[in-house]
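Novice: Give me coordinates for this.
(2 chains)
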Amino acid sequence: MRDKQIEDLKDYKYGFSTDIESFKAPKGLNEDVIRFISNIKKEPDWLLQWRLKAFERLKVLKEPNWQKPKYPKIDYQDLYYYSAPKSFKEKPKNLEDLDPRLLETYKKLGIPLQEQKRLNGIAVDAVFDSVSVATTFKDTLTEKGIIFCSISEAIQKHPDLVKKYLGSVIPITDHFFATLNSAVFTDGSFVYIPPNVKCPMELSTYFRINASDTGQFERTLIIADKGSYVSYLEGCTAPMRDENQLHAANVELIALDDAEIKYSTVQNWYPGDKDGKGGIYNFVTKRGLCKGKNSKISWTQVETGSAITWKYPSCILKGNNSIGEFYSIAITNNHQKADTGTKMIHLGKNTKSKIISKGISAGKSDMTYRGLVDISKNAFNSTNYTQCDSLLMGNKCGAHTVPYIKNKNSNSNIAHEATTSKISEDQLHYCQQRGLNQEEAVGLIVNGFCKEVLQQLPMEFAVEAQKLVGISLEGSVG
Amino acid sequence: MEQKLKTDFDKFISTSNFSNQEIKLKKEALDNFLKNGFPSRKLENWKFSDIKQIIQKNIGELTFYNDYNIKNEINDEIFIKEIEHNKIVIVNGKVERLSFEHEESDKINLTTLDNFNQNPNDDNSLLSLNNSFSNKIYNILVKKNYSFKKPIIIYQITNEKVSNTNINFQLNLDLEENSSIKIINLSDDNSEKNFINNLFNFNLGKNAILKNYKIDKKSNTNIKYDYSSITQKENSISETFIFSSGSDYIKNEVSCNLEGQYSSAFINGIHLLSKNKLHEIRTNTNHSYENTKSYQLIKSVIDDSSKSVYQGKIYVDSKAQKTDGYQLSKAVLLNEQAEFNAKPELEIYADDVKCSHGSASGSLDDNSIFYLMSRGLNQTTAKELLINGFLLDVVEKITDDEIKKLLKNMIGLN
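Specialist: Coordinates of the predicted model:
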C-alpha cells in the first residue's frame, strides 16, 4: 500500500509540470504527502525537516474538545493537503454565471464591478486595473526595502529571515491545529518591514497576485523590524463561497523594538445555510509577539462568516513598555457558532493591553467570548482593561462570556467588565418613530454598539464592514 | 488509597448502626468516589486549585474511619455571649448538641435522613466521599409561617482527639412556605492537617428566607471543602456571606438554583489572606425561571505569598426572561508574591436579561495612601484604613443588623 502511494507520488512529481490544472496530492495525511508538498515547492531541507518534526508531534497530540461549539469529527485522512491553483477554465467566465444571491450582496456592499470579478477569480485581461495598480504598489514597496510576497517565494528568496522567524511565535509543538498547519501549510503571505520604515500603504492580500487560492492551510508571517510600522488587512469583504470545510491557518506577527503592527481581519466566509448545513470551520491560530521594547501589536477583527469560528488572536507582551490591543466584533446568525476572544500574556515591565469585544447573536446561534489575561510575576506596573459586551436577539440564541484573569504581580492592575443585554425597546421605538423601518433601526443601533471597534478599522474597510454588519443580521428581527 | 478507603469503610459500617437503605446508598457513593478519585487540575472547576495535589502535599495519605461512638466534651466557654442564639455543636464531624432553646418546639421537625441525595451525574466526587463517610444526616424542617426568633450558630469544632485525617459532615435544612432562618457557621479548628469536607443542602419553599453566614477566622492548617446547595422556590430569598481567612486552604462553593419566579440569591464574600494560603470561592447561580435576581460581590485582600481565586458563573435558561444578574470581584494584592485568579463566567440563553460582571485587581492606590499620609497618618495606618474600607463594603451588605454588628467585631472591621 505504502509502496504504491510512493509510486503515485513519483508520478505526480513529474506530472506537475505538464498537467497543472488537474493536479492534486493524494488524499490523506502522512509523511509522504509532506515530503511531496515540500518537494513540489522546492523547499530547502531544513524546512522539510521542520515539517516532519511537526508531523511527529502531531501524532502525539489530540484534537482539543473543550470549546463550546461542537462539530462532527473531521477525518484528517480524507482531506487533500495539496492542490494546485485552479485554472481559469474551471472558474466562472462572467458574472452571470455566479450565484445571484452573491451578486445581490456585492451590490449592497458597493463593491466595484472589476473587484467583483477579481474576487471570484473571473479571468481578466492583462490591462485589468488592479494588476497594474498592484505593480505600481510593488515598485513603491521595493523602493523602501519592504518585502511583501508569498511565503513560498520568501522561502526561496529570503531563507534567512524565514528560518529565523518561522515558528518563533507559534512553535511546531503548539496545539493540534497549529501543528497540523506547520506540517502541511501550502502558502500564505510574508511581510518584512526594514528598520525605521513606515509602510506607506495598507498591505492586503488583495494586492498580491496569486493570493486568492492559498487554500485551507495558510501561513502568514509578518516581521516589523526596529522602529517600523505596518498595517495589514486580511481577508475579503465579500462572501467567499469556499468549498473547503476546514481552515486551519497560522498567523505569526513579530514586532521588534519600537515597531508597530496593525492587523485587521474582516471574515465573511460561507456560514452555511439557514438550517446550519455546510459552512466553513474557521480554526485559526493567530499570535503576535511584541519582542522588542516599546513595540505594539493591534488586532482588529470583524467576524461575520463561517459556520464555526474558533480563534483567539493573542499578544505576547515580552518587551518592556509593549502594548497589545484586541478589538473584535463577532456576529452570529442562524446556526452559526463562534468561540472567540484573545489572550494577553504580560511578561515585560510596563506592558499594557486593551480588549474590546462586541458579540451579537441572533437566530439559533451561539456566541462565546473566551479570553485570558495573564500578568506574570515580573510584569511590573502592567495594566489591562477588558470590556466585552453581548447583544442578544431572540431567546433561541446564546451569549457567553468566559474570561480567565490571572494576576501575579501586585503592581499591576486588571479591570474587566462584561454586560449582556438586548436592544432596548426605547431605542427601537425612537428610531422607528423617525421613519426607519425595524431592520434599519436594528442595523443603526448595532452599528452604534460596534462603533468602538469599527473605528479601529482602516477607512475603506470600515465602510464595508459597517454594511456587512447590517447584512449579517438580515432576517433576524421581526 | 483505594485499599484504605475500603477497609475504613467496612470498619465504619460495622461500628455504626445504619439502616440497610443507608448502607446501600453509602456503598454506591463509595463506588462512585473510587471510580473518580479526588478532583484534579484536569477538571475545569479545579483548574486554579488542584485539591488532589494539595492534600497529597500537605497531609499525605488520608485516613477515613471516624468513630462516631466517641462522646466529645463541649467547653461552654467557646459560645458566643454577645447574642442569644440556638446551638448546633459539631465536634470532629459528629453532631454533639442540637438545642433550639429559643424556639417553639412544635414548629421544628428534627429527623435523620434515610434517603440522601446522591448526585450521580455531578462530576464532583467530593460529594460522593461525603455521602459515604458522613454520620447520620440531620434534617431540620422549619414549618410553614414560622420564623426563627434567634439565629442558629453552628459551631464546627475539631480537636486533637480526632483519629482520622478526613472529616465529612452533612446537614439538611428545609424551609417551608413563609418561614425564615438565620444561621452563623463558625469554624473553630484546633486540630492540624485534616481534610474537612462539608455539605449543606438548603431547600427554600415559597416566600422563605435563608440568611447564612460562614466565618472561618481562626488560623489553622486544615484543608477544607465546603459546598452549599440552595434550591429556591417562588419569592424566596437567600443571602450567603463568606468570610474566609483562617485555614490554609478552603474552597467554598455555593450553588443556587432559582426555580421560582421572583426568587433572588445574594452571595457576598471576603478573602483576607496572609502567609501561604490558597482560598477559593466558586459561585454558581442558575436562573431557570422568569424574573429572578442574583447578586455576587467578592473582595480579596492578599498578602505574602497567598493566592485567592474566584470562579463565578451565571447561567440563564432560555425561559428565564427578565433575569437580573450582577457579579463583581475585586482584589488588592499587597505583596509581590501574591496572586489573584478569576473566572467570571456568563452563560446566557435568554434575550431580555440584564447581566453583567466586573473584575478588577491591583495594588492599593498610591494617591489614596499619599492623601492619607499628607493628613498625618503613617503608611501602615493609611493602608489599614484603605483595606478596612475596601472590605467593609462587603460586610455592609449583611441585612441583619444584630449579626452585622457581631461579625464586624469578630472580624475586626469597624
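
Novice: Can you give the domain ranges for chain A?
Specialist: A:2-78, A:97-425 (automatic domain parsing).

Novice: What ranges in the stretch 201-350 of chain A fall below the confidence cut-off?
Specialist: A:205-215, A:235-244 (pLDDT under 70).

Novice: Contacts only, for the closest residue to chain A within the stretch 1-150 of chain B.
Specialist: The minimum distance from the stretch 1-150 of chain B to chain A, using CB to the nearest CB, falls at B:Glu44 (7.7 Å). Quick note: C-beta positions are derived from backbone N, CA and C, even for glycine. By CB atoms under 8 Å, 6 or more residues apart in numbering or on different chains, the contact set of B:Glu44 is A:Trp66.

Novice: before we move on, what about the one 5 residues further on?
Specialist: If a contact means CB under 8 Å, 6+ apart, then B:Ser49 has B:249, B:251, B:278, B:280, B:307, B:309 as its contacts.

Novice: of all of the stretch 151-300 of chain A, which residue lies closest to chain B?
Specialist: With CB to the nearest CB as the measure, A:His175 is the residue of the stretch 151-300 of chain A nearest to chain B, at 16.4 Å.

Novice: Look at that residue and say how many residues are nearby.
Specialist: 14 (other CB atoms under 10 Å in any protein chain shown).

Novice: For B:Phe64, see how far away it is.
Specialist: Separation of A:His175 from B:Phe64 (CB to CB, to the nearest Å): 40 Å.

Novice: Then B:Ser329?
Specialist: 35 Å.

Novice: A:Lys291 contacts A:Leu256, doesn't it?
Specialist: Yes. Between A:Lys291 and A:Leu256 there is a contact under CB atoms under 8 Å: 5.6 Å.

Novice: got the buried residues for stretch B:259-278?
Specialist: Within stretch B:259-278, the residues that count as buried by 16 or more other CB atoms under 10 Å in any protein chain shown are B:259-260, B:262-274, B:277-278.

Novice: Could you list the residues of chain A in contact with chain B?
Specialist: With CB under 8 Å from any CB of the partner chain as the criterion, chain A meets chain B at residues A:66, A:377, A:390, A:392-422.

Novice: Kindly give a single PyMOL line that selects the buried subset of the residues you listed.
Specialist: Command for PyMOL that selects the buried part of these, burial taken from 16+ other CB under 10 Å:
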select buried, chain A and resi 390+392+393+394+395+396+397+398+399+400+401+402+403+404+405+406+407+408+409+410+411+412+413+414+415+416+417+418+419+420+421+422
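
Novice: Identify those among the buried residues of stretch B:259-278 that sit within helices.
Specialist: Judged by DSSP state H, the buried residues of stretch B:259-278 include no members of helices.

Novice: Quick one: residues contacting the residue positioned nearest the centre of chain A.
Specialist: Nearest residue to the geometric centre of chain A (CA atoms, centre = their mean): A:Thr265, 5.9 Å. Each residue near A:Thr265 by CB under 8 Å, 6+ apart is listed here: A:233-235, A:299-303.

Novice: a markdown table for the residues you listed, including secondary structure and neighbour count?
Specialist: Converted to a markdown table, the contacts of A:Thr265 look like this (DSSP: H, G, I helix; E, B strand; the rest coil; neighbours: other CB atoms under 10 Å in any protein chain shown):
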| residue | secondary structure | neighbour count |
| --- | --- | --- |
| A:Leu233 | strand | 22 |
| A:Glu234 | strand | 21 |
| A:Gly235 | strand | 20 |
| A:Trp299 | strand | 26 |
| A:Thr300 | strand | 27 |
| A:Gln301 | strand | 26 |
| A:Val302 | strand | 31 |
| A:Glu303 | strand | 25 |
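
Novice: and these as TSV, adding distance to A:Tyr165?
Specialist: Output for the contacts of A:Thr265, formatted as TSV (distance: CB to CB, whole Å):
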residue	distance to A:Tyr165
A:Leu233	21
A:Glu234	18
A:Gly235	22
A:Trp299	18
A:Thr300	23
A:Gln301	23
A:Val302	27
A:Glu303	27
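
Novice: For A:Ala154, see how far away A:Tyr192 is.
Specialist: 8 Å.

Novice: do B:Tyr262 as well
Specialist: Applying CB to CB to B:Tyr262 and A:Ala154 gives a distance of 64 Å.

Novice: ok, now A:Phe326?
Specialist: Distance, A:Phe326 to A:Ala154, by CB to CB: 27 Å.

Novice: Those two: which has the busier surroundings?
Specialist: Taking neighbours as other CB under 10 Å, A:Phe326 and A:Ala154 compare with A:Phe326 leading, 27 against 21.

Novice: Confirm that that one lies within a strand, as I assumed.
Specialist: Yes. Counting by DSSP: H, G, I helix; E, B strand; the rest coil, A:Phe326 falls inside a strand.

Novice: need the helices for the chain, in chain order.
Specialist: Reading this off chain A. Under DSSP H, chain A gives helices at A:2-18, A:31-40, A:45-60, A:100-109, A:113-119, A:129-144, A:151-157, A:159-165, A:176-184, A:425-433, A:438-454, A:459-472.

Novice: nope, chain B
Specialist: Using DSSP H, helices in chain B cover B:2-15, B:20-36, B:51-58, B:125-133, B:366-374, B:379-395, B:401-411.

Novice: Quick check, A:Thr140 in contact with A:Met201.
Specialist: Yes. Between A:Thr140 and A:Met201 there is a contact at 7.4 Å, judged by CB under 8 Å.

Novice: what's the domain layout of chain B?
Specialist: Using automatic domain parsing, chain B is parsed into the domains B:2-367, B:368-414.
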